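Student: Next comes the sequence, and after it the predicted model I'd like to discuss.
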Amino acid sequence: MTRPRKLFVKSYGCQMNVYDSHRMADTLAPEGFVETTTADDADLVILNTCHIREKAAEKVYSELGRLRLLKNSARTQGRKLTIAVAGCVAQAEGEEILRRAPMVDLVFGPQSYHRLPDLLARAERDGRAIDTEFPAETKFDFLPAAAGDKVRARGVTAFVTIQEGCDKFCTFCVVPYTRGAESARPVARIVAEVERLAACGVREVTLIGQNVNAFHGEDIDGSTCPLGRLLRRLAEISGIARLRYTTSHPRDIDGDLIETHRDLNALMPQLHLPVQSGSDRILKAMNRRHTADDYRRVIERLRRAQPALAVTSDFIVGFPGETDADFEATLRLIEDVGFMTAFSFKYSPRPGTPASELADQVPESVKSERLQQLQALILRQNARFQRDCLGRLFDVLFEKPGRHAGQIVGRSPYLQPVQVLGPETLIGEIRPVRITDAGPNSLFGVVCAPPHERQHDTACLAATGA
C-alpha cells in the first residue's frame, strides 16, 4: 500500500480563510491527502493568504523563504514537496509570487480552490500552474455537489461561509479586487451543510462573509432570503443551540435583522460591527457611506431590541488626511458606544486601492501614538466589561480540555473563554456557570446545576478554575 500523501495548510487573516482552508482539505481528501499539523513531513503545503495589510503579505514571503529550505531538504531525501500559495495575496499578486519565490509550484485565488485537484495535476504536468481568474461559475455552486457531503466537523463550533465578496468599495480595502462582487449561497445548501455539522456534534455555528449581513440568498421557494430569515431557519435544526454572524456593515443592518436579535434566543448577544472611524470627514474619504451618528443610531436600535447586546468593532488610525480633531471624534465614538473590545490597526496603503494614491499620508510616528491611545481606551472598556461579568450566571458551551488537569474551557455568550474545573464529558454541553474571577482575556467560574435542578444559584458542581 502507498502511504497517504500529507497536507499542511497554513491560514492567515480572517475566519473565511480558515473556512476555505478546511474546504481545501475536504476537497483533497478523496485524492488521498490527509492533514498533518506541520510542514516538516508534508507532501503538499498550502499557504492560504491574506492581503488586507502589508505585514500579512510580507509574512507570506518570509514563510516561503523557510519553505524553500524545507523543499531543498526534501529533495535531498528523494521526496517531493509541492508548495502552493492560495487566497488573497495569490489573487492580487499572481505571477509576482512566482517571480519572487521560484520554489512555488502553484498559485491560485480564493475563487478557485474547488478546482484544486485539477490545478495540482496541471502543476505536476507543466511544472507550475497559476489560476487567478474569477470563474464564470461560483465555487458555491460547485462545492455542495463535489465536496459538501465530505464536510467534517472539527469541534463543537463551526464557521460556515454564506456570502463572499463585497460591493462597498471602501477606499482602503482590497476585498472587492481579491474576492470579487458579492455572491450568496443558496439557502438549501447552507441548511444542508449545517445539518451535516449538527449530525457530527456541532452545537454553535458562526455564519461568515465579507459583508455577511448583505446576504440575500435564493430560498427553497425561489424567493430572496435575508440574513434574519436564514438565522431563524438554522435555529430550527436539531442540535444547533447557538448562532452568530460576522462580519457586518452598518448600512446593511435592517429592521428584520434587528427583530431577529430581539426574538431569537439562539442568536448570541454579541455583534462585531466595524465602523473604522468616528469622523464623518474620514468616513466619507473611506467611502463608508454612513456617518458616525448613523452608526450610533444603529447601535441604539439594536440595544433597544436586545438590551444585553455587546458590540465589538474595527478601527483604522492614521488614514490619509486624519487630523487630531478627526482622531478625537473616533475616541468620542468609542466612549459613546462602550465597545466590549475592538481590533485596531494603523493604516497601511494597499496597492491598487484609491486610498493608496491619496496625498497627506499621516506620519508613522503619529499613527503609532494614536494607535496606542485608542488601544488604551479600548483596553479600559474591556476591563470594565470583564469586571461587570463577576457574579453573573452565563450559559457556557464547553469546547475542549484546559491546560491544567481537571480543567475544561468553554465560551460565554459574549465569546469570552470561560475556564472551570469539570469532567471532559461536559465538552459539547451547555451549562450555567457562575463567574467568580475575571482576567484580561478569560473568565473563571463554577459549573452550576441546570435550571430545572437548581434551587438557587449557589448549588454548584465544581470548584473555581481560577
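Tutor: Now that the structure is in, tell me what you want to look at.

Student: Strands of the stretch 301-450 of the chain, start to end?
Tutor: Remark: strands assigned in the stretch 301-450 of the chain by DSSP state E, counting those that start in this stretch are 310-317, 341-346, 393-401, 407-411, 417-421, 430-438, 443-447.

Student: contacts for the second one?
Tutor: Just to be clear, that refers to strand 341-346. 53, 312-318, 334, 364, 367-368, 371, 374-375, 378, 381-382, 385 (C-beta atoms under 8 Å, 6 or more residues apart in numbering). (Each C-beta comes from the backbone N, C-alpha and C, glycine too.)

Student: Of the residues you listed, keep whichever come out buried.
Tutor: Among the contacts of strand 341-346, those classed as buried by 16 or more other C-beta atoms under 10 Å are 53, 312-313, 315-318, 334, 367, 371, 374, 378, 381-382, 385.

Student: show me where the stretch 251-400 of the chain has helices.
Tutor: Using DSSP state H, counting those that start in this stretch, the helices of the stretch 251-400 of the chain run over residues 255-263, 280-285, 292-305, 324-337, 364-388.

Student: which of the residues in the second one are buried?
Tutor: Read that as helix 280-285. Applying a neighbour-count criterion of 16+ other C-beta under 10 Å, one finds 280, 282-283, 285 buried in helix 280-285.

Student: quick one: low-confidence ranges for the protein?
Tutor: The model of the chain has pLDDT under 70 over residues 1-2, 52-56, 134-153, 450-466.

Student: if I pick residue 163, what's in contact with it?
Tutor: By C-beta under 8 Å, 6+ apart, residue 163 lies in contact with 182-185, 209-212, 214-215, 217.

Student: Okay, and residue 88 sits in which element?
Tutor: Using DSSP states H and E, residue 88 maps to helix 87-93.

Student: Which other helices and strands does that helix contact?
Tutor: helix 15-28, strand 44-49, helix 54-76, helix 175-178 (3 or more C-beta pairs under 8 Å, 6 or more residues apart in numbering; DSSP states H and E).

Student: what's the first one in contact with?
Tutor: Going back to what we said before, that points to helix 15-28. 7, 9-11, 33, 35, 44, 46, 48-50, 86-88, 110, 113-114, 116-117, 143, 146-147, 150-152, 154, 159-161, 164, 206, 208-210, 246.

Student: can you check the second one too?
Tutor: Outside strand 44-49, the residues within contact range by C-beta under 8 Å, 6+ apart are 5-13, 17, 20-21, 24, 28, 33, 39, 56-57, 60, 63-64, 67, 70, 81-90, 120.

Student: Any quick PyMOL command for the buried ones out of those residues?
Tutor: In PyMOL syntax, the buried subset of these is picked out as below (16+ other C-beta under 10 Å):
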select buried, resi 5+6+7+8+9+11+12+13+17+20+21+24+28+33+39+56+57+60+63+64+67+70+81+82+83+84+85+86+87+88+89+90+120
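
Student: Do a quick rundown of the helices in the stretch 101-250 of the chain.
Tutor: Using DSSP H, counting those that start in this stretch, the helices assigned to the stretch 101-250 of the chain run over residues 116-126, 139-146, 175-178, 187-199, 227-234.

Student: can I get the ones you listed in JSON lines with distance to residue 405?
Tutor: Formatted as JSON lines, the helices of the stretch 101-250 of the chain follow (distance: least, C-beta to C-beta, whole Å):
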{"stretch": "helix 116-126", "distance to residue 405": "41"}
{"stretch": "helix 139-146", "distance to residue 405": "41"}
{"stretch": "helix 175-178", "distance to residue 405": "44"}
{"stretch": "helix 187-199", "distance to residue 405": "30"}
{"stretch": "helix 227-234", "distance to residue 405": "37"}
